[in-house]
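Colleague: Show me the folded form of this:
(one chain, ligands or ions: 1)
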Amino acid sequence: MAAGADVAPRPITLHDLTLGYDGHPAVHHVSGTIAPGALLAVVGPNGAGKSTLIKALAGLLKPLGGRIDGLAGQRVAYLPQQATLERGFPITVGEFAAMGLWHETGAFGGLSRPQRERVRAALAAVGLDGHARQPIDTLSGGQLQRTLFARLMLQDAPILLLDEPFSAIDQRTTADLLHLLRQWHAAGKTVLAVLHDLHQVREAFPDTLMLARELVGWGPTEAVLTQGNLQRLRAMPEAFDARAPVCEVEGGGAPHEHAHAHAHPHVHEHGGAVAPHPSPRIASGAGSLPSGERGQRP
Ligand SMILES: Nc1ncnc2c1ncn2[C@@H]1O[C@H](COP(=O)(O)OP(=O)(O)OP(=O)(O)O)[C@@H](O)[C@H]1O
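Modeller: Sure thing, here's the model as predicted:
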């Protein structure tokens, strides 16, 4: 992580937290503590409320009920889903990454020589050495995600929240960025990431929070990603959207585990090749969760 005020994270406690939109709850009665320095995966089917929870932790959504303790006075860096980003503005990779220093410079402040060096080092750390002057609208999805990670790194916050950081990103970029997440965790930061690839979760995340509009499990990953919990989710896809598609069961298990299957068109890059995601399905292997089509948003 870049040099800077590296403040240790403190615990964050959720007390009977209910979250939602326009008074309608989307996530019910979640309680528990995010330990300082946790590396926590947030998993669950589509529409389970994962993004909603992350947004509340980022301070972007006020609870409908209950409360979050421990956030006040802690800086949080939040990486939204890439799909929500506006990449049309004329800005270079270096300028975009440097936005991560706004907490030091203000939005209109120039960069000192040491700050310019930190931007350069952050770009090198994400594998974008030599790309500082490239306009962001010319970047591939993987390069854009690397730029976003550089910005996140420069924010140098003790708490990092990432919403689907590896969806539609090639395997090489995923491996590199996952390595960075582990480094941030090793440096003592609290890291939460919404993930769909349960294989990735088992490999890299010591703790998992499983959400299905309510808490299904929260604790050590091997104690949460159990057959029983996964079966529980499969048994209740209708909980997420009354219009959820009928799901067929695939025989033989899933070679590549995914925490949900999308009912809508979805791309996954593997080794650079972009392939459309198969149609709605529930694989029978222990690594898949039910599909629930995302409800329409007003
Ligand atoms: N801005 C919004 N306004 C109204 N409802 C919303 C909004 N954002 C999400 N919702 C609803 O809240 C519920 C939870 O959505 P959320 O995006 O948190 O789920 P998720 O688990 O992140 O899903 P996915 O895996 O598909 O991203 C869904 O029913 C969704 O339609």
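
Colleague: Please enumerate the strands of this protein.
Modeller: 12-21, 24-34, 39-43, 65-69, 76-79, 159-163, 190-194, 207-211, 215-220, 249-250, 267-270, 273-276, 282-283 (DSSP state E).

Colleague: OK, contacts around residue 27?
Modeller: 17, 18, 19, 20, 49, 52, 53, 211, 213, 214 (Cβ atoms under 8 Å, 6 or more residues apart in numbering). Glycine gets a C-beta too; all of them are placed from N, C-alpha and C.

Colleague: For these, pick the one with the most neighbours.
Modeller: If you count neighbours using other Cβ atoms under 10 Å, the busiest of the contacts of residue 27 is residue 53, which has 27 neighbours.

Colleague: That one contacts residue 32, correct?
Modeller: No: here residue 53 lies out of contact with residue 32, judged by Cβ atoms under 8 Å, at a distance of 11.0 Å.

Colleague: list the residues that contact both of the two?
Modeller: Jointly contacting residue 53 and residue 32 under the rule Cβ under 8 Å, 6+ apart are residue 209.

Colleague: Distance of the residue most central in space within the chain relative to residue 76?
Modeller: Nearest to the geometric centre of the chain sits residue 163, at 2.3 Å (Cα atoms, centre = their mean). Counting by Cβ to Cβ, to the nearest Å, the separation of residue 163 from residue 76 is 13 Å.

Colleague: picking that back up, so the residue nearest to the centre of the chain makes contact with residue 81?
Modeller: Yes: counting by Cβ under 8 Å, residue 163 touches residue 81, with 4.8 Å between them.

Colleague: Common neighbours of the two, please.
Modeller: residue 51.

Colleague: on that earlier part again, for the ligand, tell me which of the contacts of residue 27 show up nearby.
Modeller: 49, 52 (Cβ under 6 Å from any ligand atom).

Colleague: Out of the contacts of residue 27, flag the one nearest to residue 222.
Modeller: Proximity to residue 222 was ranked across the contacts of residue 27 by Cβ to Cβ; first place goes to residue 211, at 17.9 Å.

Colleague: Can you give me the pLDDT of the residue of the chain positioned farthest from its centre?
Modeller: Distance from the centre of the chain peaks at residue 113, with 32.2 Å (Cα atoms, centre = their mean). pLDDT, residue 113: 90.

Colleague: and it, how far is that from the ligand?
Modeller: In this view, residue 113 and the ligand are 41 Å apart by Cβ to the nearest ligand atom, to the nearest Å.

Colleague: Please apply the same query to residue 105.
Modeller: 31 Å.

Colleague: can you map out the helices along the stretch 151-298 of the chain?
Modeller: Secondary structure of the stretch 151-298 of the chain by DSSP state H, counting those that start in this stretch: the helices cover 171-186, 198-204, 221-224, 227-234.

Colleague: winner for burial among those?
Modeller: Stretch with highest mean neighbour count among the helices of the stretch 151-298 of the chain: helix 198-204 (a mean of 18; mean count of other Cβ atoms under 10 Å).

Colleague: which secondary structure elements does it contact?
Modeller: Secondary-structure packing of helix 198-204 (3 or more Cβ pairs under 8 Å, 6 or more residues apart in numbering; DSSP states H and E): strand 39-43, helix 171-186, helix 221-224.

Colleague: Show the average pLDDT along it.
Modeller: pLDDT averaged over helix 198-204 gives 95.

Colleague: Not counting sequence-adjacent ones, nearest residue to residue 173?
Modeller: With Cβ to Cβ, 6 or more residues apart in numbering as the criterion, residue 173 has its nearest non-adjacent residue at 3.6 Å, and that residue is residue 142.

Colleague: Count the residues that sit near the one you found.
Modeller: 21.

Colleague: wait, it sits on residue 171?
Modeller: No: using Cβ under 8 Å, residue 142 is not in contact with residue 171, being 9.5 Å away.

Colleague: Now distance to residue 183 and mean pLDDT too, for the strands of the chain, in CSV please.
Modeller: Formatted as CSV, these follow (distance: least, Cβ to Cβ, whole Å; pLDDT from 0 to 100):
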stretch, distance to residue 183, mean pLDDT
strand 12-21, 21, 98
strand 24-34, 19, 96
strand 39-43, 11, 98
strand 65-69, 27, 97
strand 76-79, 15, 96
strand 159-163, 11, 97
strand 190-194, 10, 98
strand 207-211, 17, 97
strand 215-220, 21, 97
strand 249-250, 36, 30
strand 267-270, 23, 26
strand 273-276, 28, 28
strand 282-283, 32, 28
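
Colleague: Of all those, which one is nearest residue 85?
Modeller: Closest to residue 85 of the strands of the chain is strand 76-79 (Cβ to Cβ; 9.6 Å).

Colleague: quick revisit: can you pull the contacts of the residue nearest to residue 173?
Modeller: Contacts of residue 142 (Cβ under 8 Å, 6+ apart): 169, 170, 172, 173, 269.
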